[in-house]
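> 3D model of this:
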Amino acid sequence: MQPSKTILLGSQSGWLNILLSKHTLKWCVVLLFFTVAVATFALSTGQLKTTFAELSQVLFGEGEKFLTTVVLEWRLPRLTAGLVFGAALGVSGALFQSLIRNPLGSPDVIGFNTGAYTGALVVIILFGGSDLQIACGAIIGGIICAGVVYVLAFKQGIQGFRLIIIGIGVSAMLSAFNTWMMISSSLETSMAAALWGAGSLNGLSWHQVVPSLSFIGIALLGAAMLARKMNILEMGDDSANMLGIHSEKTRQLAMVFGVILTAAVTATAGPIAFIALVAPQLAKKLTREGGVAIIPAALMGAMLLTLSDFIAANLFAPNQLPVGIVTISIGGFYLIYLLIQQSGN
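Numbering: from 1, shown residues only. The predicted structure is shown next:
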């Protein structure tokens, strides 16, 4: 009897039911190793150089007071944001690409993160809200934008290309509204909003990061629960309905969880482009598997954003770039490659 080539996370009839091949699991371990390596360098690199021995002492509660403050209060919140936000964007992209059945089906391409940006700007500029209120505003803005695009794109079901085109149009209008809000506000507020709009993890504290982590945790759990249904849905609505899966309800839930993941990141770090587009596709190229690659996409997203932030923080040190500039530079080249590949088909 041959050993099984797949591993089940959860149970057949349980709420968690994710099937991984051993090949995929190997790549997940590789991605996890590289992510941990990048995270270690990020914690130990900066204007205050830290050896691995000193870093270990800090993490085990035996380091010097000043060094402990630098690592745990300054660097660790930023690193945690990079890891968790990257995973959230990777999973969000995987959900939307499966939902739309198009490699361009990413929340930043469709424009849902622009809706989240609008919601956050309204809270910042008009109400001067707290971090939690900004997070809620971004999520509400993202969900409203997704709802508008969904309604406009719905025509006897959802067609991927139609959703993308309408999403781009709605995003363009919201971008114009965002610009109007910024030029109509005070100089100090508009400059802060513009800097935040570039997408940055610079200077994040635990107080800023924790509200978004709560929303992301809930949405990641919801995405994991939907993974099996989304995989079945890729075989077609008829097959899904025969297996007792409500196709449209599953799509709506996937869209809600995907928007929450994107909006929670946008609320804290601003709109970070292209991670949601690139991470799921690179994960699929490595694992060579179809379906919704939740875990590989999360690990790839975490690694890409953490690596991008490491580059942004150290490339022109002591000056630090917003991580959004690095992700746009990398993602722009990948998008050009993707469009050329699509036109060749």
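> what's the helix or strand for the spatially most central residue of the chain?
Nearest residue to the geometric centre of the chain (C-alpha atoms, centre = their mean): L89, 1.1 Å. Assessed by DSSP states H and E, L89 sits inside helix 76-100.
> before we move on, what about V29?
helix 22-44.
> what's that helix in contact with?
5-7, 20, 50-52, 54-55, 71, 75-76, 78-79, 82-83, 283, 286-289, 293, 295-296, 299-300, 302-303, 306-307, 309-310, 313 (C-beta atoms under 8 Å, 6 or more residues apart in numbering). Any C-beta I mention is one placed from the backbone N, CA and C, and that applies to glycine too.
> got it, and stretch 63-82?
So stretch 63-82 is in contact with 39, 42-43, 46, 48, 50, 54-55, 57-59, 201-206, 208-209, 212-213, 268-269, 302, 305-306, 309, 323, going by C-beta under 8 Å, 6+ apart.
> report the buried residues of it.
Residues of stretch 63-82 classed as buried: 63, 68, 70-72, 75-82 (neighbour count, 16 or more other C-beta atoms under 10 Å).
> quick check: end-to-end length of it?
The straight-line separation of the ends of stretch 63-82 (C-alpha to C-alpha, to the nearest Å) is 24 Å.
> could you do stretch 61-75 as well?
Distance across stretch 61-75, first residue to last, is 16 Å (C-alpha to C-alpha).
> which SS state does I7 fall under?
Following DSSP: H, G, I helix; E, B strand; the rest coil, I7 is assigned to strand.
> give me the neighbour count for it.
12 (other C-beta atoms under 10 Å).
> looking at the buried residues of stretch 63-82, which gets the smallest pLDDT?
Least confident entry in the buried residues of stretch 63-82, by pLDDT: G63, with 75.
> how far away is that one from A279?
G63 sits at a distance of 33 Å from A279 (criterion: C-beta to C-beta, to the nearest Å).
> same check on E62?
36 Å.
> and what of T268?
Note on T268: its distance to A279, by C-beta to C-beta, is 18 Å.
> drop anything exposed from the contacts of stretch 63-82.
Buried members of the contacts of stretch 63-82, counted by 16+ other C-beta under 10 Å: 39, 42-43, 46, 50, 54-55, 57-58, 201, 204, 208-209, 212-213, 268-269, 302, 305-306, 309, 323.
> thinking again about what came up before, contacts for the very next helix or strand once past the helix holding V29, please.
Once the chain leaves helix 22-44, the next helix or strand it forms, by DSSP H and E, is helix 52-59. With contact meaning C-beta under 8 Å, 6+ apart, helix 52-59 is reached by T40, L43, S44, T50, G63, L67, T68, V71, L72.
> what's the farthest-apart pair in those residues?
The span of those, defined through C-beta to C-beta, is set by T40 and T68 at 16.7 Å.
> distance of L67 from F96?
Here the criterion is C-beta to C-beta. By it, L67 lies 42 Å from F96.
> now swap in I166 and tell me
In terms of C-beta to C-beta, I166 sits 14 Å off from F96.
> what of L315?
According to C-beta to C-beta, L315 stands 30 Å off from F96.
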